[in-house]
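**Q** Predicted model, plus sequence, below.
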Amino acid sequence: MAQQLSPGTMLKKGRPCLVFGFTVTVGMFTAVYVFHSNRTLVSVPKYTTPNPEPAPIQREEVAVRIDSYSTSLRYPQPKSLMSPRSDVMTVTPWLAPVVWDGTFDSSIIDSLYQPQNLRIGTTVFAIGKYTRFIKGFLETAEKHFLVGYKVNYYIFTDKPEDVPSVALGPQRNLSVITVSKFFRWQEISMRRMERILNTIEERLLKEVDYLYCLDVDMLFHNHWGAEVLSTLVAAIHPGYYKNPREEFPYERRPASQAYVPWDQGDFYYAGAMIGGLIENVRALTRTCHQAILIDKQNNIEAAWQEESHLNKYFLQHKPTKLLSPEYLWDDTKPKLPEIHFIRFSTVLKNYAEVRENV
Ligand SMILES: CC(=O)N[C@H]1[C@@H](OP(=O)(O)OP(=O)(O)OC[C@H]2O[C@@H](n3ccc(=O)[nH]c3=O)[C@H](O)[C@@H]2O)O[C@H](CO)[C@H](O)[C@@H]1O
Ligand SMILES: [Mn+2]
């Protein structure tokens, strides 16, 4: 006859079995976990034992930063309840800053960026008669453009012998890249996307951290510094910053890859400035160049050439920083009260005289 056991006795007698079962189950789960996570049992202590000592190189870096930023730099306290500018937009709805005078402190910006020893590339095209603009561009850039930083200028030209020699500051270099001339100015301007892309892939990925692609028919007049650095940077066009989006000169024909419907658009961005981390400028130039090629196959040229494609790109890939029109002004416009400084501005030019075609 089977012995009747009280529940308490059952528990006592069954305890070794339970412990054994529990151990086996935990063991199985551990084995499955180790198998799936590709971790070996030997390496487990590595993850469980805290490591209180960071590697020496990290400690050294942190120490340098604390010494050079926290203890030596004095600047006014940022005020949580006060906006630095009340007359202009200083942040977009996707939380990208818009850089205006008064929104940044250069001493803080430089204390953050200068120790990083960044390499900044600048592409400038001077084809045909536009070589005349190189001298003024470079001479004024040496006074105002990322002064104190490592800058490489890349001058694309069909006339390398016409590139003037301009004295460059320390840590600043210039490379001349010889390219052929296209017949139409539209093609010269538009094909910059392709040439920048090719040059990024051939050499710039290795040579620079950030890239800024600028028009050459321009002069710097005031500080254009490290406050422009960010992942993907666009400049608001000086001609359209007060206009409603329906008045932006976007490409409006659906047949073009640059098409933007009337009820879309954030800002109208200028074609004369594209910037950001080299990988991001690479992605931008690749997409815009591919769109330009598709348009060519379909026999359509966007209203403002690569500037139209750029605007489509920035609509779909929002820039992480916007430069206000201070950073890209137009000499034909009077200086307006919201513009405290004109930092970089177009040179008045006789279109009929400098361009290959009208
Ligand atoms: C301030 C601004 O946003 N300007 C844009 C605007 O007109 P722009 O009148 O500023 O165009 P532009 O004549 O300056 O041409 C753009 C650039 O292409 C180069 N170039 C052009 C012609 C030539 O014969 N040789 C030569 O080297 C040069 O670097 C020049 O700066 O629209 C163009 C496209 O239609 C470009 O998007 C420009 O960036
Ligand atoms: Mn221009």
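**A** Okay, I see it. Nothing here was measured: the structure is a model prediction, and the numbers come from that model. Ligands and ions are numbered 1, 2, ... in the order given.

**Q** Which residue, neighbours along the chain excluded, lies closest to the residue of the chain found nearest ligand 2?
**A** Going by C-beta to the ion, ligand 2 is nearest to Asp215 of the chain, at 3.7 Å. Bear in mind the C-beta positions are built from the backbone N, C-alpha and C, glycine included. Take Asp215 and drop its neighbours on the chain: the residue closest to it by C-beta to C-beta, 6 or more residues apart in numbering is Ala272, 3.7 Å away.

**Q** A strand includes that neighbour, no?
**A** Yes. Assessed with DSSP: H, G, I helix; E, B strand; the rest coil, Ala272 lies in a strand.

**Q** correct me, but it touches Leu214?
**A** Yes. Assessed by C-beta atoms under 8 Å, Ala272 is found in contact with Leu214 at 6.4 Å.

**Q** Name the residue in these two with the higher neighbour count.
**A** Leu214 (23 against 20; other C-beta atoms under 10 Å).

**Q** That one and Thr123 touch, don't they?
**A** Yes. The pair Leu214 / Thr123 is scored as a contact, 7.3 Å apart, by C-beta under 8 Å.

**Q** which bits of the chain sit near ligand 2?
**A** Selection of the chain residues close to ligand 2 by C-beta under 5 Å from the ion yields Asp215, Asp217.

**Q** any idea which element His175 lies in?
**A** Check again: residue 175 is Ser, not His. Assigned by DSSP states H and E, Ser175 belongs to strand 172-178.

**Q** now that strand: how far from the chain's centre is it?
**A** A distance of 22 Å separates the centroid of the chain from that of strand 172-178, by C-alpha atoms, centre = their mean, to the nearest Å.

**Q** go on, stretch 154-165?
**A** With C-alpha atoms, centre = their mean as the basis, stretch 154-165 stands 27 Å off its chain's centre.

**Q** quick one: is that stretch near ligand 1?
**A** No. Using C-beta under 6 Å from any ligand atom, stretch 154-165 never reaches ligand 1; the gap is at least 7.7 Å.

**Q** if we can go back for a sec, now for Leu214 and Thr123: what residues contact both?
**A** Counting by C-beta atoms under 8 Å, 6 or more residues apart in numbering, no residue touches both Leu214 and Thr123.

**Q** Distance check, Arg253 against ligand 1.
**A** 16 Å (C-beta to the nearest ligand atom, to the nearest Å).

**Q** from the stretch 251-358 of the chain, which residue is nearest to ligand 1?
**A** Per C-beta to the nearest ligand atom, the residue of the stretch 251-358 of the chain with the smallest distance to ligand 1 is Gly271, at 2.2 Å.

**Q** In space, what's closest to that residue - neighbours in sequence excluded?
**A** Counting by C-beta to C-beta, 6+ apart, the residue nearest Gly271 is Glu307, at 3.1 Å.

**Q** For that neighbour, give me its contacts.
**A** Counting by C-beta under 8 Å, 6+ apart, Glu307 makes contact with Tyr269, Ala270, Gly271.

**Q** cool, and Thr320?
**A** Contacts of Thr320 (C-beta under 8 Å, 6+ apart): Ala96, Ser230, Thr231, Leu232, Val233, Gly276.

**Q** at 10 Å instead, please
**A** 92, 94-97, 230-234, 276-277, 280 (C-beta atoms under 10 Å, 6 or more residues apart in numbering).

**Q** Ok, Thr103 next?
**A** Ser83, Pro84, Arg85, Val88, Thr90, Val91, Pro97, Glu227, Ser324.

**Q** ok so, going back, name the residues contacting each of Ala272 and Leu214.
**A** Shared contacts of Ala272 and Leu214 (C-beta under 10 Å, 6+ apart): Ala235, Leu328, Phe344.
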